[in-house]
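1. The following block contains a protein sequence and its predicted model.
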Amino acid sequence: MHQKIKMFTGLFMLATCSLVAACSTQQATVINALQHEDVIKSQGYSLEQLYSLKGQDKTWQQLLQSDDLKPLGTFTTHGSLGATVNINNQLIETGLYANNPIDAVKRGMRLHTLGHSALNSGDFAKWSRWYQEDGNTQIFRLFQGEVNTSNKRKNAARVETFIPSQNSQPEPGVVREFGARFTVLKSGGCVAPHYCSIFQAKGNNVDHWSVMLRVDSKGSLWFYPREDSSKRKMISSNAIGRPFDMKVLDDGLDYEMFIDEQSVGKGQWPRTKQIGFRWGIYVGRSEVPADVVILVTGASIK
């Protein structure tokens with residue numbers, strides 16, 4: 001009897017050890033895979049730690065009943081006010097670009113949003129529902145159900161900034177650089193097929209982009225090159241609440257993207273027209289089933 005118990009105990013211990021070893025191996029494989037795909041260095045913060053709201057935002061239906069975007073299908077400078085967003089500057093404004101001021105007026109920055117494609121910086125305050133500034137950080141928001149209202153293009157909700165005067169023709173040996181710190185707070189509205197582009201290397205021609213940084217509805221971050229769909233890849237499985245630095249180098253043919261100083265992809269797309277950059281939220285063909293909130297700190301162009 002004792003011998004049987006000892007044999008059973010030995011077999012149980014052997015099986016347990018084998019199971020633990022298998023689990024440990026499987027766990028290590030998963031951890032290595034996650035480490036391989038996720039290049040963001042920052043820890044995750046809760047949304048409550050990163051920002052708060054004062055006041056309320058109208059629903060899309062309430063907004064359409066107002067005069068803020070009328071007449072629909074045309075450019076309007078009326079704008080629409082929203083709740084005040086207060087960010088935690090100490091947690092968000094860190095990294096390489098933390099101390100770069102926005103300087104929208106001085107830099108000739110423009111705003112492309114639902115009701116207008118190129119608002120002057122003097123009008124930005126009128127559009128606080130979608131765009132605000134706090135310290136060195138730009139706050140971009142889209143809301144459930146929103147669509148483009150400036151023309152007849154379907155869906156195409158967006159709120160992006162760009163600087164036309166800093167666009168330039170490609171020149172041999174001249175490399176353009178964009179850099180900023182991004183913080184994804186909400187991405188539930190970033191659904192297929194387009195997800196949300198939060199950065200575009202894009203000139204004046206609507207089809208002239210070379211590479212994008214995209215986020216999906218689960219908060220995954222994607223390197224999105226134009227020339228080869230097989231090179232599109234996830235570079236973080238979860239970017240929500242995790243600030244990261246992004247840099248793109250582009251000479252009009254070759255480009256490369258870096259996240260937290262690590263290269264995440266490169267490619268080639270020949271441009272004959274101006275090279276420029278846009279950042280914020282662009283949804284494209286997709287609908288917006290939930291709110292999206294993106295922060296961009298210290299955006300710089302060289």
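-> Received it, and whenever you're ready, just let me know what you need.

2. longest strand in the protein, by residue count?
-> Longest strand in the chain, counting residues (DSSP state E): strand 176-187.

3. which parts of it are buried?
-> Neighbour counts over strand 176-187 (16 or more other Cβ atoms under 10 Å) mark 176, 178, 179, 180, 181, 182, 183, 184, 185, 186, 187 as buried. (Each C-beta comes from the backbone N, C-alpha and C, glycine too.)

4. wait, what's in contact with the residue nearest to residue 74 when sequence neighbours are not counted?
-> Spatial nearest neighbour of residue 74, chain neighbours left out: residue 150 (6.9 Å); criterion: Cβ to Cβ, 6 or more residues apart in numbering. Contacts for residue 150 (Cβ atoms under 8 Å, 6 or more residues apart in numbering) come out as 73, 74, 75, 76, 114, 115, 116, 117.

5. before we move on, back to that, go ahead and name everything in contact with the helix or strand following the longest strand of the chain.
-> Using DSSP states H and E, the next helix or strand after strand 176-187 towards the C-terminus is strand 196-201. Here strand 196-201 makes contact (Cβ under 8 Å, 6+ apart) with 160, 178, 180, 182, 184, 187, 189-190, 209-216, 224, 246, 248, 250, 255, 275-284, 292, 294, 296.

6. let's see 7 Å
-> Strand 196-201 has contacts (Cβ atoms under 7 Å, 6 or more residues apart in numbering) with 182, 187, 190, 209-215, 246, 248, 250, 255, 277-283, 292, 294.

7. circling back to that earlier point, min pLDDT across the buried residues of strand 176-187, which one?
-> Among the buried residues of strand 176-187, residue 176 has the lowest pLDDT, at 94.

8. I'd guessed that residue sits against residue 274; true?
-> No: using Cβ atoms under 7 Å, residue 176 is not in contact with residue 274, being 10.1 Å away.

9. Common neighbours of these two, please.
-> Shared contacts of residue 176 and residue 274, defined by Cβ under 7 Å, 6+ apart, comprise residue 168.

10. Distance check, residue 295 against residue 174.
-> Here residue 295 is placed at a distance of 30 Å from residue 174 (Cβ to Cβ, to the nearest Å).

11. Looking at those two, which has the bigger crowd around it?
-> Using other Cβ atoms under 10 Å as the criterion, residue 295 and residue 174 rank with residue 295 on top: 24 against 12.

12. Identify the residue spatially nearest to the more buried one, adjacent ones excluded.
-> residue 183 (4.0 Å).

13. Then residue 302?
-> Leaving aside its sequence neighbours, residue 302 sits nearest to residue 177 (Cβ to Cβ, 6+ apart; 4.3 Å).

14. Let me see the contact set for the one you found.
-> Contacts for residue 177 (Cβ under 7 Å, 6+ apart) come out as 247, 249, 302.

15. Ok, residue 50 next?
-> 87, 88, 91, 92, 183, 185, 241.

16. The first one - how many residues pack around it?
-> The number of residues packed near residue 87 is 21, by other Cβ under 10 Å.

17. pretty sure it contacts residue 134?
-> Yes: the pair residue 87 / residue 134 is scored as a contact, 4.9 Å apart, by Cβ under 7 Å.

18. so how far is residue 76 from the residue nearest to the spatial centre of the chain?
-> When Cα atoms, centre = their mean is applied to the chain, the residue found nearest the centroid is residue 198 (3.4 Å). Residue 198 sits 25 Å away from residue 76, going by Cβ to Cβ.

19. Thanks a lot, see you next time.
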